[in-house]
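Engineer: quick one: sequence plus predicted model below, questions after.
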Amino acid sequence: MKSIFFDEIPNTQDYALNEFQEEPLLIVSKAQTAGRGTDKSKWQNADQSLAASLVFHKKIVNFTKTLIPLLAGYSFLSVHENESLLLKWPNDLILNDEKVGGVLVEENKDLICIGLGINYFWNHPSLPGAGAIYQHKQDSRQIFNDAEQWGRKVLDFIENQDFNLHNYKLKLTTLGKLVEYPEGRGWAKDINADGSLIVETPSGKLLNLTSPLISEII
């Protein structure tokens, strides 16, 4: 894996896709001027952020590609080792009931690009429900080191096919909760082998949700 580090860059996803050759490529920046989030939402830089994008060829993926968003979020938990850091399905990172990060997976021809955004420190978050991992700024070297460890962990899961869905579910806040999605609401029951969320509606019908656009109610 080749790694390139920036203090600021327009967009790590676009740069990674443009610069990819053969070897997996990790682009890391402390800030983005034109970043994007899930569902084309605008990227908001925290006071101290991590923005990273890992791009690789589809040919190294020998399992269900829909699991990639799940393993990408779980990989950061594996690196950071903070027991209070949890996941909201499929890949939002949660600390003390606040969103501190997330994952964006994009496909471009024969390439897969995984974007990771983490708020390390944010004194006054400008987004409702947003938070940060730390209450003070951290050494930039730690941020870059965390990003490299994350990239290597993701590739290890993908190349060795050893992502454990059971371990992922142990870190999930979503299961057992009432959740709301664009078409209605229901209770989150389990995760399918392909990573989709099993939801039971008030009428007792079971649905398999693939869209990440859900909110946890209770």
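Structural biologist: It's in. Numbering: from 1, shown residues only.

Engineer: from Glu180, how far out is Thr210?
Structural biologist: According to CB to CB, to the nearest Å, Thr210 and Glu180 sit 16 Å apart. Yep, even glycine has a C-beta here, placed from its N, CA and C like the rest.

Engineer: could you list the domains of the chain?
Structural biologist: Domain assignment for the chain, taken from automatic domain parsing, gives 2-170, 178-216.

Engineer: columns mean pLDDT and mean neighbour count on top of those, output as JSON lines?
Structural biologist: Below are the domains of the chain laid out as JSON lines (pLDDT from 0 to 100; neighbours: other CB atoms under 10 Å):
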{"stretch": "domain 2-170", "mean pLDDT": "92", "mean neighbour count": "18"}
{"stretch": "domain 178-216", "mean pLDDT": "94", "mean neighbour count": "15"}
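
Engineer: list of residues touching the top helix by length along the chain?
Structural biologist: Counting by DSSP state H, the longest helix found in the chain is helix 140-160. If you take CB atoms under 8 Å, 6 or more residues apart in numbering as the criterion, helix 140-160 is touched by 1, 3, 5, 24, 26, 28, 30, 48, 50, 52, 54, 56, 60-61, 63, 68, 71-72, 75-76, 78-80, 114, 116, 118, 120, 162-163.

Engineer: quick check: next helix or strand after the helix or strand hosting Ser53?
Structural biologist: Using DSSP states H and E, Ser53 sits in strand 48-57. Counting by DSSP H and E, the next helix or strand C-terminal to strand 48-57 is helix 68-80.
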